[in-house]
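Novice: Take a look and give me a structure for this.
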Amino acid sequence: MRGEREAGFGRCAFAFTFTDKAAAELKERIVRRVRENLVDMPGLAEMFAGTIHAFALELLKSEVPKYLRFEVLNEVQQSLFVDRQASQQSGLTACTDLQGTPLQRYKDTQRYLAALDILREADRDEKTLDGCTVLKGLESYSALLEARSYLDYSTILEAAVDVLTNDRALRERLAERIHCVIGRAFRRRLRVPETGNAGRPAPLALLDIAAPDADIRRAAP
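Specialist: Numbers count the residues shown, from 1 in each chain. Presented below is the predicted three-dimensional model:
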């Protein structure tokens, strides 16, 4: 694996982990083991290493102009954002619990936000949710985020999925760009870009990021 195909490997590799803190460690480990077991590949420094939220946010800001002005709310800022809005704007006090008791600011904020995350990230049974007041709260909360140019973590993923679902050209660009995905606690095959041999895929290497003594080995062509 030499020459031009090595130069583009970093731009085609994406490493995902659960926290920003772990991203630097993960990238360092990948780079070290690639160099120890294979070759010194130019371009490794360009490899993306971070959370799926960071990747989705980068995608939105680079591909959808309106998101350039949006700011991201962390969990603390999100709670303050909901509590400081007028009673109806964030949807919190317009919702009730299963006993029909109205939700209260500060007291029920975390439960409310957890419910919003579930509604946005899980498969929903619309019949079961018929009459659920939190659905209306979600509409109010989403509209408020949009009006104030904010994103929370769930909204980042939701918006990225929407863009990828409806923009075929973007999906095709990403397909050309992404040649391998690396994650902790599972194995993935790494495909190195090939420039010769009539475009045949390069040999594969196996990488187990989770194991402390993991190595990278050449696979059979």
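
Novice: okay, CA-based contacts and neighbour counts for the rest of this
Specialist: Fine.

Novice: And the contacts of stretch 21-30?
Specialist: 15-17, 47, 49-51, 209 (C-alpha atoms under 8 Å, 6 or more residues apart in numbering).

Novice: Of all the residues in that stretch, which ones are buried?
Specialist: Buried residues in stretch 21-30, defined by neighbour count with 16 or more other C-alpha atoms under 10 Å: 23, 26-27, 30.

Novice: any chance of the residues you listed in a markdown table, plus pLDDT and secondary structure?
Specialist: Formatted as a markdown table, the buried residues of stretch 21-30 follow (pLDDT from 0 to 100; DSSP: H, G, I helix; E, B strand; the rest coil):
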| residue | pLDDT | secondary structure |
| --- | --- | --- |
| A23 | 83 | helix |
| L26 | 83 | helix |
| K27 | 83 | helix |
| I30 | 80 | helix |
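
Novice: Make CSV out of these and add distance to I182.
Specialist: Output for these, formatted as CSV (distance: C-alpha to C-alpha, whole Å):
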residue, distance to I182
A23, 12
L26, 10
K27, 10
I30, 9
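
Novice: Looking at those residues, which one is closest to I156?
Specialist: Set against I156, the nearest of the buried residues of stretch 21-30 by C-alpha to C-alpha is A23 (18.8 Å).

Novice: Report how many residues lie close to L129.
Specialist: 12 (other C-alpha atoms under 10 Å).

Novice: Surely it is within a helix?
Specialist: No. Counting by DSSP: H, G, I helix; E, B strand; the rest coil, L129 falls outside a helix, being coil.

Novice: pLDDT of stretch 33-52, averaged?
Specialist: Stretch 33-52 carries an average pLDDT of 77.

Novice: mind listing the strands for this structure?
Specialist: Ranges of strands within the chain are 13-16, 48-50, 71-72, 150-151, 180-183, 187-191, 204-208, 216-218, based on DSSP state E.

Novice: Partner strands of the third one, with direction?
Specialist: Strand 71-72 sits in its sheet next to strand 150-151 (parallel), going by DSSP bridges.

Novice: What's the mean pLDDT across the partner strand?
Specialist: Rounded mean pLDDT across strand 150-151 is 97.

Novice: what does that strand contact?
Specialist: If you take C-alpha under 8 Å, 6+ apart as the criterion, strand 150-151 is touched by 70-73, 145.

Novice: chain center to that strand, what's the gap?
Specialist: Averaging C-alpha positions (C-alpha atoms, centre = their mean, to the nearest Å) puts strand 150-151 15 Å from its chain's average.

Novice: show me the contacts for the residue positioned nearest the centre of the chain.
Specialist: Closest residue to the average C-alpha location of the chain: I52 at 2.2 Å, with C-alpha atoms, centre = their mean. The contact partners of I52, taken as C-alpha under 8 Å, 6+ apart, are 16-18.

Novice: can you check I178 too?
Specialist: Going by C-alpha under 8 Å, 6+ apart, I178 touches 11-14.

Novice: Double-check T19 against G50; I have them as touching.
Specialist: Yes. In terms of C-alpha atoms under 8 Å, T19 counts as a neighbour of G50; the distance is 7.2 Å.

Novice: So if I had to pick from the two, which one is more boxed in?
Specialist: Applying other C-alpha under 10 Å to T19 and G50 shows that G50 carries more neighbours, namely 22 against 13.

Novice: residue contacts, that one?
Specialist: Counting by C-alpha under 8 Å, 6+ apart, G50 makes contact with 15-20, 22-24.
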